[in-house]
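Next one to model:
(one chain, ligands or ions: 2)
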Amino acid sequence: MNVYGTQRINENGKLEIGGVEAEGLAETYGTPLFVYDVKDIRNRAEEFHDAFRAQSVNYQIAYASKAFSCIAMMELARDLDLSLDVVSDGELHTALEAGFPAERIHFHGNNKTPEELEMAVKEKIGCIVVDNFTELTWLMALTESEKTEMEVLIRITPGVEAHTHEYISTGQEDSKFGFDLNSGQADEAIRRLLDHPFLKLQGVHSHIGSQIFRAEGFEEAVKEIYRMIRKWKESMNYYPQVLNVGGGFGIRYAESDKPLPLHVYIDRMVTAAKEEAEAMNEPVPEIWIEPGRALVGEAGTTLYSIGARKDIPDVRTYVSVDGGMTDNIRPALYQAEYTALLANRAAEETEETVSIAGKCCESGDMLIWDLDLPAVNQGDILAVFATGAYGYSMANNYNRILRPAVVFVEDGQHEIVIERETLTDLTRRERKYSKAAAVQKEKQV
Ligand SMILES: Cc1ncc(COP(=O)(O)O)c(C=O)c1O
Ligand SMILES: N[C@@H](CCCC[NH3+])C(=O)O
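Ligands and ions are numbered 1, 2, ... in the order given. As a prediction, the model looks like this:
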């Protein structure tokens with residue numbers, strides 16, 4: 001198996017991440033445990049920066065914080081000269097708490113509340129990506145009453161739809177996100193924005209999907225947006241300063257996943273934008289992207305302890321771990337596939353095929369089907385790879401299971417960045433029901 005990032009199988013036959021043995025991390029912090037290989041995140045951010053520098057364009061790389069958000073991650077994103085995509089007051093709050101510069105934050109979402117818009121305006125964030133007319137109306141009223149300018153992008157659906165492992169080109173009016181191009185709604189939104197004294201339209205945003213392996217989708221999106229830009233230039237003399245092409249760059253979950261080098265996506269989208277701009281005799285806009293998964297996905301590994309085993313002769317062997325769909329809902333939600341090995345016996349030959357079950361009271365709580373491992377023992381440490389994106393960020397308390405801890409490792413050092421949830425945390429915000437207390441009192445009389 002190809003290991004990820006800085007991982008290696010060391011002379012003792014143990015999995016090492018960032019120069020630290022995974023087994024030792026499991027002992028120190030307990031399991032389940034998310035381990036992030038910080039060097040891998042740094043390398044990927046640098047790869048994106050290099051790709052843009054090589055193209056000599058103005059750019060921003062906005063980390064899509066929905067993939068994994070916590071204070072330490074926001075600090076890291078800041079230090080890596082990334083911008084930030086947030087989708088809620090919670091993500092914005094986390095970024096601000098971490099000292100992330102407000103002017104590099106972009107606010108997304110198809111249902112931003114008036115309170116969230118107010119927070120964004122008050123904190124003077126970099127821009128709001130306007131998604132629909134409701135939001136536009138609120139934002140106009142808000143900036144007028146506050147007499148504050150706000151930069152915005154307009155999110156459009158370019159009619160290029162990307163699916164996992166493929167992309168297909170379809171009319172995509174049927175999406176909850178953004179203004180569709182064909183009904184004239186995008187034109188109308190731009191017209192309203194251009195007339196507004198406080199909202200400053202910086203450019204256009206599109207996001208074609210997630211876990212994309214082909215660069216053509218981005219190229220096609222750029223061309224489709226330019227088809228509209230030519231119209232907008234003619235009808236409203238509008239030409240965008242910023243073209244945000246979104247995120248979605250694919251990563252390796254299963255061995256069969258073959259992601260492109262990151263620069264290939266950038267080269268294709270920037271080349272398309274340059275050609276289109278040149279054809280219009282206009283400047284190349286700033287190109288912005290919003291990678292989430294591609295920055296943190298492969299950097300994350302989840303360590304679990306092996307628990308119960310159930311052998312069904314001639315059918316299957318289930319091996320259960322101390323986490324599951326509560327820390328990684330992606331297999332249950334998207335039939336997502338993962339690879340794994342035993343971190344404490346990483347060099348041993350495979351001897352059996354088992355299926356890895358989570359501990360939730362739910363048949364669909366399976367992490368990996370048919371995984372080849374050495375003969376598995378109770379207490380072995382299973383390392384599931386590429387769980388860094390949409391793992392912890394989608395974690396939940398189903399069955400009142402506690403959220404795991406998160407550790408950053410780098411250069412042989414390890415540091416906890418999110419403490420494991422405790423049983424006390426679980427009930428901290430709960431209050432007794434007064435009527436239940438009254439019934440108890442009555443029964444005692
Ligand atoms: C608007 C937007 N930008 C960026 C992303 C990040 O996507 P990914 O993590 O696949 O790069 C998403 C999620 O799909 C998104 O909806
Ligand atoms: N949460 C999804 C991707 C959605 C990204 C946000 N638009 C995943 O785990 O792959």
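
Past the biggest helix by length in the chain, which element shows up next along the chain?
As assigned by DSSP state H, the longest helix anywhere in the chain is helix 216-236. On the C-terminal side of helix 216-236, the nearest following helix or strand under DSSP states H and E is strand 242-244.

residues making contact with that following strand?
Strand 242-244 has contacts (C-beta atoms under 8 Å, 6 or more residues apart in numbering) with 62, 106, 129, 153, 202-206, 222, 225, 273, 285-290. Where you see a C-beta, it was placed from the backbone N, CA and C, and this is true even at glycine.

Not counting its neighbours along the chain, what's nearest the residue of the stretch 101-250 of the chain found nearest ligand 1?
Here the stretch 101-250 of the chain gets closest to ligand 1 at one residue, Gly247, 2.8 Å apart by C-beta to the nearest ligand atom. Excluding its sequence neighbours, the residue lying closest to Gly247 (C-beta to C-beta, 6 or more residues apart in numbering) is Glu290, at 4.0 Å.

check which helix or strand covers the residue of the stretch 151-300 of the chain found nearest ligand 2.
When scored by C-beta to the nearest ligand atom, the stretch 151-300 of the chain has Ser210 as its residue closest to ligand 2, at 4.5 Å. Using DSSP H and E, Ser210 sits within no helix or strand.

I figured it was touching Gly247, is that so?
Yes: contact criterion C-beta atoms under 8 Å: Ser210 and Gly247 qualify, at 7.1 Å.

hey, what's in contact with both of the two?
Common neighbours of Ser210 and Gly247 (C-beta under 8 Å, 6+ apart) are Arg293.

Between those two, which is the more surrounded one?
A direct count of neighbours by other C-beta atoms under 10 Å for Ser210 and Gly247 places Gly247 higher, at 24 against 20.

which ones are touching the more buried one?
By C-beta under 8 Å, 6+ apart, Gly247 lies in contact with Ala64, Asp85, His207, Ser210, Ile289, Glu290, Pro291, Gly292, Arg293, Ala294.

hmm, try it at 7 Å
Going by C-beta atoms under 7 Å, 6 or more residues apart in numbering, Gly247 touches Ala64, His207, Ile289, Glu290, Pro291, Gly292.

Format those as a markdown table; extra columns: neighbour count, distance to Met74 and pLDDT.
As requested, the contacts of Gly247 are exported to a markdown table (neighbours: other C-beta atoms under 10 Å; distance: C-beta to C-beta, whole Å; pLDDT from 0 to 100):
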| residue | neighbour count | distance to Met74 | pLDDT |
| --- | --- | --- | --- |
| Ala64 | 28 | 12 | 98 |
| His207 | 24 | 21 | 94 |
| Ile289 | 30 | 18 | 98 |
| Glu290 | 29 | 15 | 98 |
| Pro291 | 26 | 15 | 98 |
| Gly292 | 24 | 13 | 98 |
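
Ignoring the adjacent residues along the chain, who's closest to the residue nearest in space to the middle of the chain?
By C-alpha atoms, centre = their mean, the chain has its centre lying nearest to Ala67, at 2.0 Å. Leaving aside its chain neighbours, Ala67 sits nearest to Gly292 (3.1 Å; criterion: C-beta to C-beta, 6+ apart).

I'd guessed Gly30 sits against Arg420; true?
Yes: here Gly30 reaches Arg420: they are 6.4 Å apart, a contact under C-beta atoms under 7 Å.

Out of the helices and strands in the chain, which is least certain?
Lowest by mean pLDDT, DSSP states H and E among the helices and strands of the chain is strand 166-169, with a mean of 41.
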